[in-house]
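Peer 1: can't give you the sequence, but here's the structure:
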Ligand SMILES: C[S@@+](CC[C@H](N)C(=O)[O-])C[C@H]1O[C@@H](n2cnc3c(N)ncnc32)[C@H](O)[C@@H]1O
């Protein structure tokens with residue numbers, strides 16, 4: 001395992017007991033919980049959540065979803081396991097590197113990621129793996145924050161990035177939607193939830209190979 005990935009695991013193993021209080025993912029009713037509800041409501045079928053962490057999204061998945069969650073941090077996943085037990089929510093939890101997933105090609109109908117692509121060392125590799133394990137026509141569902149295109153806010157996020165990376169392994173100035181498009185996903189829906197920083201994104205792995213943009217390809221996401 002690459003050094004940066006090992007460091008991420010160690011960091012989240014250390015943060016695990018504090019995580020829910022740090023990000024406020026304990027309670028319902030907050031903006032964050034509404035965002036999570038929106039994200040999970042879009043998922044159906046066989047669903048893989050990348051970087052599931054403490055399982056903050058678990059309360060929000062529809063009951064019929066067949067759920068698998070991966071995380072590099074065993075400690076984070078142990079909290080997800082406890083949460084799943086409390087909720088009576090069946091979930092297959094796997095300690096694994098999202099940059100090198102242990103699943104066959106085209107296993108899932110949807111891949112979900114919330115506040116994960118900002119922490120994974122190589123988001124391009126994680127998106128390539130998401131593509132590989134999604135069936136053609138399958139959906140990538142994101143709740144992520146990224147660099148603002150507003151000059152002042154964007155610059156501020158650039159400035160705080162080195163500290164955020166050192167403290168919590170978070171890269172606040174990534175361009176996640178752009179990275180998803182570069183990985184070949186077709187963006188079907190993008191909803192700004194907080195300024196132009198936090199987004200809900202629904203994208204798909206098109207059925208047709210080749211160009212990843214344009215209406216014929218977009219059409220190949222549905223039906
Ligand atoms: C900021 S937390 C988000 C947790 C959860 N998705 C949420 O919405 O609260 C990022 C999570 O990604 C996990 N992670 C980071 N790099 C990873 C990798 N290469 N493979 C799998 N999980 C990873 C971390 O261990 C951590 O649990």
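Peer 2: Cool, the structure landed. On a predicted model such as this, the values are computed, not experimentally measured, just so you know.

Peer 1: Moving C-terminal from the lengthiest helix in the chain, which element do we reach first?
Peer 2: The single longest helix within the chain, with elements called by DSSP state H, is helix 3-23. Once the chain leaves helix 3-23, the next helix or strand it forms, by DSSP states H and E, is helix 31-41.

Peer 1: distance between that following helix and the chain's centre?
Peer 2: Counting by Cα atoms, centre = their mean, to the nearest Å, helix 31-41 is centred 13 Å from the centre of its parent chain.

Peer 1: quick revisit: the longest helix of the chain near the ligand at all?
Peer 2: Yes - using Cβ under 6 Å from any ligand atom, helix 3-23 comes into contact with the ligand via 5, 8, 12. From N, CA and C alone the C-beta is placed, and that goes for glycine too.

Peer 1: ok, now which ones touch the first one?
Peer 2: Just to be clear, that refers to residue 5. Residues near residue 5 by Cβ atoms under 8 Å, 6 or more residues apart in numbering: 72, 97, 99, 121.

Peer 1: Which members of the residues you listed additionally contact the ligand?
Peer 2: Within the contacts of residue 5, those near the ligand by Cβ under 6 Å from any ligand atom are 72, 97, 99.

Peer 1: host element of the most centrally placed residue in the chain?
Peer 2: In the chain, the centroid-proximal residue (Cα atoms, centre = their mean) is residue 113; its distance is 1.4 Å. Under the criterion of DSSP H and E, residue 113 resides in strand 108-114.
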